[in-house]
Structure formats: structure tokens, C-alpha cells
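Trainee: Generate coordinates for the sequence data below:
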Amino acid sequence: MIPRAEHPRPDWERAHWLNLNGEWDFAFSDAPTCPELDRTITVPFSWAAPLSGVGQDQKGTGWYRRSARFDAQGRVFLIIGAADYETQVFVNGHLAGQHAGGYGEIRLDVTPWWISGADNDIAVRVTDADEDCQTRGKQGYGEIRGIWQTVYLEEVPQTHLTRIKTETKCDGSVAIRAWIHAEQAGEQTLRAAFDGKEFSKSVRLTAGENEAALAFTLENPKLWSCEEPYLYEGTVALGQDEVRTYFGVREIGYRCFEGRDFPWVTLNGEPIYLNGTLDQSFNPKGYFTLPSEEDVIEEVQHVKDLGLNLMRLHIKPEEPRKLYWMDKLGVLAWADMVCFWGEPKEGTRAQYERELEEFVRRDWNHPCVMAWIVFNETWGLFSATGDHLRQYATDTQRWVRGMYEKVKAMDATRLVEDNSACNYDHVVSDINTWHFYLNGYMTVKEHIDIAARNAFEGSAWNYIGGNRNRRIPLVNSECGMVWGVQDNAGDSDLAWQYHYMLNEYRLHENICGFVFTEFHDVVNEFNGYYRIDNQKKHFGYDLLGMGMGLKDLHARDFIAYDAPPCRTVGGGEQVETRVYCSSFSGAPKGQTLTLEWFLHGEHGYYDGGSLQFEAPGSGLKDLGVITVTAPRVNDVAALTFRLAQGDKVLCRNFCTLDVRGARQGAAWVRPRDYAEKRFARDWLALNGHKLCGAGEGSVAYEIPMENLLQCDKIELRFEAGAKRLLAKDADGQVPVSADADFMKGYKMDPGTNHNSYFMTDEETSPSRLTVKAEGEVVAQITLPDDPADCNGVLSWHYQARERYLDEAGSYGYLMIVPVEGEILRAAQQRGSLRLELSCDAGGLAIYGRNAGRFALDIEAIAK
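Mentor: Residues are numbered from 1 along each chain as shown. As a prediction, this is how the structure comes out:
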């Protein structure tokens, strides 16, 4: 079975082609001519990747060889989707061509050496030396070495199209610019056929290279959008040469609306809020080559499932097949050019410019691509100045401006960004983007507010070298908690920070989107919506938000509140919350929307209300202050908002209240006030409000009975979960190496990080709990997991430090155990009830009043 058997370029596909993926002979050798090859490799996977069958991360030179038969009447082209880094191709012993660069398509006319009707010998020599001048991006996660995209043969007529560029407008006008190689001078017909309509033009050609243009207008055009990604599929032809291709009718831009002095990004002339994620495109089996077409589709569908509409294809040109499925399913792309890691010297710049042109030309027909990102975080742009110092030099800034202008000249239909900035160092751009990695509600709130207030026209904020902001959209292009705490966030809950961060963005109407780091976990970052193996993480919004999911945080019509994610309030206190409707091309302006709110908790519904208002269409609308009365008992209450248009729910959101009211229990003990404990390893966490016991063991408590002597029945209530033992818990934190370079693939066990508490996902860590009262078994319960997500409200609310996490987001399950009869009477006679909790190897965590999900200690309630 041929791996990646599908045609790699649905945007540029001729009828007669042959896929050369699969088993090739292979050897490591720097010989100038092909030596004896002593092993095999599976193409198209990097020789460092497991799926290649070689799986050796070895820089240097590799030789590939195979034979192929391909009969053709016209010219024969050999295409290698990409090979890293210096490539030479030999056909029947002749050097057919060579290429430098790790990401560009290699397209060689091998006709002079190709023999139709016979087997032909193909040898490929690829050298990857890891030079600082090479474009490499984040290959540290898993090195791209050698051939890593599909290899195929293609028959091409003598006179043929070499490439096209298709530009569209929302009025249906289509302009196709064609580059043509003519074997001889003469007249040919340039044709385009889409949706049953054919358009043509006669063009006069000279021998050699030519350019021609074909323009036409579609009647009642169907526009491409994220919701309805309609593609016009068909052919472009010249004489005998016919190429299957497609386009989407759409326009990308930005403009100010209704008198505002700041613009929003637009798709087809309407504002669009960019709900984006950083896609590092790494797969543990194929590295930067996905194993199968099914994997490609699944990647894009997962983004749609989250309610996102944008992928920032981070720091590498993406394989065209993935771009095709983004076109097909309706996901926008910010296309990053790959970086080099050395200094911007003259030779490095020249090579970079060649590869940049290859990148833009290959992908400029994909409707999903809305922006070109030329550099990232100033990587490769710093020059050494001595004394271990670096600077982004003035002449380099001029070069970066030139690269922005080069791309803009190549493609004026998209947004272009000079440098996705983390050092406040834009030079010139069509979007004012910035990065931040912070934790803590007030820290994040103040940071976002600073960005929103300072990104006005003429501002020097986020610019360098005396350059100033133009009137362009403000978009965050990287954010999250992964680098917002000391030594990386490890594997910890991201739902809490994600929730309040996205809520804060929507309180600022001049911010028109974000890019969250990241789509998948990678080898040393565990901040993805999905695990590296595609397991889905559970954010836990559904209970607190009454059915809320991630999609609600990405809604066009969004209910935002100006308050912390959790507030401590007194029992019976009146609580005020200001709410807003943030809309981007949502419900039509003027239509009636309904906002409902519900205050609910462990003991049911406490308060609520509703109001109606007219939809703003696009923009931020202040809906005023709503007031609810907190319950009079201890609880973690959720104030849930629900926005609806008639019977259709548009958005849900919530904040929480730590209600310091009356205890229900007539008696209680704290988890740390045990009478006896027996675990191989145990410790207190969350300021002493959580007891952790790893492995099989038990803990016993004495609960005073003086207030329960007249009861015939009591309930024991407490919060308990399993306790997974991480490496940091067993052996202490393993310090990060002083020379660790996370950007270049430093690998780590997340369990060694002091911030880690593995976020809830599809893999559970259950434990079996036995409850004894006065030495008698009164309950046996399976604790399903050791979870950490948004439900761990108190574990987040009472974190002592923003940049050093202590089992953040962890929580358990509410245990309700009845005790009565002889057991209860024995305890009443003793004046104390002995409660013993024992577990199997799954461990045990007991949460107190200021930890976990429920606002209680170990409590005894009279019934």
C-alpha cells in the first residue's frame, strides 16, 4: 500500500501522473555518486521520523534510489513536494537538477533522460547539515531530514502552463494570470471551465516563457466563507494542457465601521472575529508529515469542532493537501514563513528571499490563506554586538520592510505581516499583532487593556526604529499560559485561564481576534486543546455553564462580563456584575435578543432573571449591571448567562462565586486534621486544604459528635478524588537544564514540572475507595479520576502565586455516605465518629473548604 497515495496538489493536478511514494533503497553516505544502498526507507517521511522505517536523527547526506516506469507522449516532470535541504536528482545516471531549501516544491523536467517503455533509475541525494543559515523553524520537535513530501511523475505537453494566480472579488469577477512555457511561437486558446461555464481567450505566444491573463465574471457568485466554503472546481487549460484546479470567491481586508476610528478584519466585506489557534503541525509518527489523508482531514475537522475559524500555520509552509482541506471545510490560515536561526547575513538573506518567493507562489491560490507572516518573534533577525548581546539592527529592519513590500507586491489580495511580534518590534504591517504568555486574572486583564488602549493610529507602542502604527486591525497572535508561569506550565489545566482570557478580549471592541497556543501538545509544551496523540482534553465548562462548551467562547454573539472568574462573597450578599454583548457579524442589527441569567450551585437554583435588547450587529454593547443574591450557605455558585435569539441559543458564559455562608454540617474536620494515616507517600497541597495520598493506603479522622447526639441518621459529606503520582511528587521536581532550548525541541517529562497537574482528558486514573465508620464498611465507591479543569474553582481561586502553580484546577467528587443504626449509636456513645478512608493503588485526595470543587470540609450533617 502506497503511503499518502492521494495527489498532493488538488489545486494543480494533471490527469496523467504516477505516485512514487513507498519503499526506496537508502543509505547514509556523502559520496558524490550513488553508492550501494544497504537499507530501505519509506517515502515521504523524514529519515528521522518513525514512519520512515529508518528513524535516525542523523544530520548529513542520505541517498535514495528506485526505478520507475512511466510512459508519456509529452514531457516528463519529476516533482518532489519538499526535501530538506540541498537536493540533487539523477535520472539514469544524469544530473537532472538540484535545489536548495527545505520547504519549496522541486519540479524538474527530466524528459531528456527519461526512457518511455522502460524502467528508469531515479537517485536522489539530500544533504541536511543543520547550518544556521538554513530555514529550519521548530524542527527541534522532530527533525525534517531528506524527502518529506510526496514524490511523483507527471506528463506535461510541450507547450504548457507553469503556474497560475487566481484573484477574485465578491461581485463575481475572476482574474486568472497564467505563466506559460511555449515550445514554439504561435497562437493558443487559454480556457477556464468552472461549474458548467467555459471562458476562453486567444493568446499569442513566443517561444519560451510567456504571461497571459483571462478575466471573467460569475453570475450570482457563491462566496467562500468559514460557514459556507464553496469552491468553484474545474479546469484551466492551454491547448492540449489541462490542469484541474479550484478557487473560492472571497475578499480579505479591513476597514472602519460606523464612525469608529479603528478597523476590523473583514471577510467578504463583513467584520470577522478571528478565533485562532497556533498549529505547530507536529505528529509523533511522521513528524511534519501527517501519516495519512484521514489524519489530514481529522486535523482540520478538529479545528471546526472547537468552533475555531483560523489556524496560524506556525513557522513552516504547510503541505498543500492540508491547505486543500482547510479550503474545503472552511478554516482560515495565517501562513507563516519558516525561519532560520542564525544571523541575517547577506547569503542567508538571499537564500531566504528565494524560499519566501517559492512559498508564496505555491500557496497563493488557496482561499483559506488570508495572511502571510514573513517572520516570527524576530527569530533570525538579531545580530551579535559583542559581550553576548544582540540587536535588531537598523539595516535588518530595512530588509524586513523590503520583505513585507516584496510579498505585498506578489500578492496584494491578502494581509501581510512583517514579524509576529513578541518584542514590541513591528516595522510595517497590515495587522498589529502581539504575543503574551501570562497567568493571573488581573495580570492578564491589565495587559490586554494596555494593548487595547495603545494600538491607535500613530502610536509607537509595539513598533521599533521610529516606526508608527497605521490604522490597522489589532489582533493577538500568540497567547496562553504555557510560558506564563515559571519554567513552563507543564501539563496543567488550561481551561481556567483560557476562559477569563477570552472573556477579557471580548470586552475590547478594537481587538478583533486571537491565536491561542496551541492546537496540539508538542514535545515540551502541553497547552493544546488536544494531546499530541489526538486525545481531546476536557475543559469542564458544561456543568458550571449549564451546557456550555468551547464553541460558546468562540461565538459571533458573545456575552462578556467585567468581573473576575471567581469572587468571594458573603452569604446572602447582593452581587453586581456588569455584562456586555460583543458581536462580530452576528445576529442582524436591531433584532431582539434575550439575555437570561441563573445563579445555581450544589443546592439548586438561587436567583435569576432576564432582559431583552436589540442586537448591535457588530460591536460592543453595554447591557448594564445585573444583581443576584448569594445563597446563605457555603457553596461554589455559578452565575451562568445564556444569550438567545428566539429559541436559538447563541452563547453561554459564566463566572463563579465562592460563597462564605453557613456550614450545613453540625460537625466537621479539615483534611489535614487526621488522627492517623498510612500511605507510601503523602503531602499537603493548596495551603494545607488538600491531603494527597499516593498508592494504596488509608487515613482516619475523628469527627466530634456533641452536636449530633440526638440524630437517628447522619450524612457524611466530603470531596474525594483519585491521586495519580507524578514524577515531581515521587522524586521532587527535576530542574530544567540551564542550556535547555525549548524552541529547538528540549524534551521533558511533564510530570517532573512543579506546575503540572495533568488536565482532564480521555485517559482516566481511577481509584477504589472504601469508607468505614466505627470500623464497619459503610460504602465502597469508585473514584473515576484525578481531574483538573475549570471545575476546580477553589483550587484556582486560592492559588498563592501566579507564576508557581500548586495543583491548580484539581478537584474531586462529592461523596455522600449515610450512617445510622448501631454504627451511629456507637459513635454517639463514644462522643466521636471514627471515619476511615482507604484506597487501592489509585491513591486518594481529600479536599477541604478552600480547595477543589465543593465548599466543604469533611462534614457530618444531621438528617
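
Trainee: Look up which residues are beta-bridged to the closest residue to D430 other than its chain neighbours.
Mentor: Distance criterion C-beta to C-beta, 6 or more residues apart in numbering; nearest residue to D430, sequence neighbours excluded, is L415 at 4.1 Å. No exception for glycine: its C-beta is placed from N, CA and C like everyone else's. For L415, the beta-bridge partners are A371 (DSSP bridges).

Trainee: what residue is smack in the middle of this protein?
Mentor: Centroid-nearest residue in the chain: F519, 2.2 Å away (criterion: C-alpha atoms, centre = their mean).

Trainee: returning to that earlier point: OK, contacts around the residue nearest to D430?
Mentor: 252, 254, 265, 370-372, 430-431 (C-beta atoms under 8 Å, 6 or more residues apart in numbering).

Trainee: 7 Å instead, please
Mentor: By C-beta atoms under 7 Å, 6 or more residues apart in numbering, the contact set of L415 is 252, 370-371, 430-431.

Trainee: and what of I823?
Mentor: Taking C-beta under 7 Å, 6+ apart, one finds 773-774, 776, 778 in contact with I823.

Trainee: repeat for W483
Mentor: Counting by C-beta under 7 Å, 6+ apart, W483 makes contact with Y437.

Trainee: Just say helix, strand or coil for it.
Mentor: Following DSSP: H, G, I helix; E, B strand; the rest coil, we place W483 in the coil state.

Trainee: what's the pLDDT at it?
Mentor: In this prediction, W483 carries a pLDDT score of 86.

Trainee: which phi and psi does it have?
Mentor: Phi and psi for W483, reported as degrees, to the nearest 10, are phi -110, psi 20.

Trainee: Please apply the same query to the one 5 residues further on.
Mentor: Torsion angles at N488 (phi, psi; degrees, to the nearest 10) stand at phi 80, psi 150.

Trainee: shouldn't it be in contact with N753?
Mentor: Yes: here N488 lies in contact with N753, judged by C-beta atoms under 7 Å, at a distance of 6.4 Å.

Trainee: which ones are touching R652?
Mentor: Shown in contact with R652 (C-beta under 7 Å, 6+ apart): 545-548, 552, 640-642.

Trainee: Same question for H520.
Mentor: H520 makes contacts with 280, 528, 530, 532, as judged by C-beta under 7 Å, 6+ apart.

Trainee: Mind doing that once more with 10 Å?
Mentor: H520 sits next to 277-284, 299, 302, 526-535 when contact means C-beta atoms under 10 Å, 6 or more residues apart in numbering.

Trainee: Likewise for A667?
Mentor: Contacts for A667 (C-beta under 10 Å, 6+ apart) come out as 703-708, 714, 716, 832-833, 857-862.

Trainee: again, 8 Å this time
Mentor: 703-708, 859-860.

Trainee: So which of those residues are in strands?
Mentor: Mapping the contacts of A667 onto strands (DSSP state E) picks out 703-704, 859-860.

Trainee: what distance separates stretch 598-607 from the middle of the whole chain?
Mentor: Distance, stretch centre to chain centre, for stretch 598-607: 34 Å (C-alpha atoms, centre = their mean, to the nearest Å).

Trainee: First residue to last residue on that stretch, what's the distance there?
Mentor: Length of stretch 598-607, first residue to last, C-alpha to C-alpha, to the nearest Å: 6 Å.

Trainee: so what's the closest residue to R672 other than its chain neighbours up against?
Mentor: In space, and not counting its chain neighbours, R672 is closest to G688: 5.2 Å by C-beta to C-beta, 6+ apart. Going by C-beta under 8 Å, 6+ apart, G688 touches 670, 672, 848.

Trainee: Buried ones among the residues you listed?
Mentor: 670, 848 (16 or more other C-beta atoms under 10 Å).

Trainee: export the contacts of G688 to JSON lines and tack on pLDDT?
Mentor: Listed next are the contacts of G688 as JSON lines, based on pLDDT from 0 to 100:
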{"residue": "R670", "pLDDT": "97"}
{"residue": "R672", "pLDDT": "97"}
{"residue": "G848", "pLDDT": "98"}
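
Trainee: Narrow the contacts of G688 to those in strands?
Mentor: Using DSSP E, no member of the contacts of G688 sits in strands.

Trainee: wait, which of the contacts of G688 is closest to E696?
Mentor: Distance to E696 across these (C-beta to C-beta) is lowest for R672, with 20.7 Å.

Trainee: residues in contact with the closest one?
Mentor: 684, 688-689, 691, 848.

Trainee: Please tell me which one of the ones in strands among the contacts of A667 counts the most neighbours.
Mentor: Counting neighbours by other C-beta atoms under 10 Å, A860 comes out on top of those with 29 neighbours.
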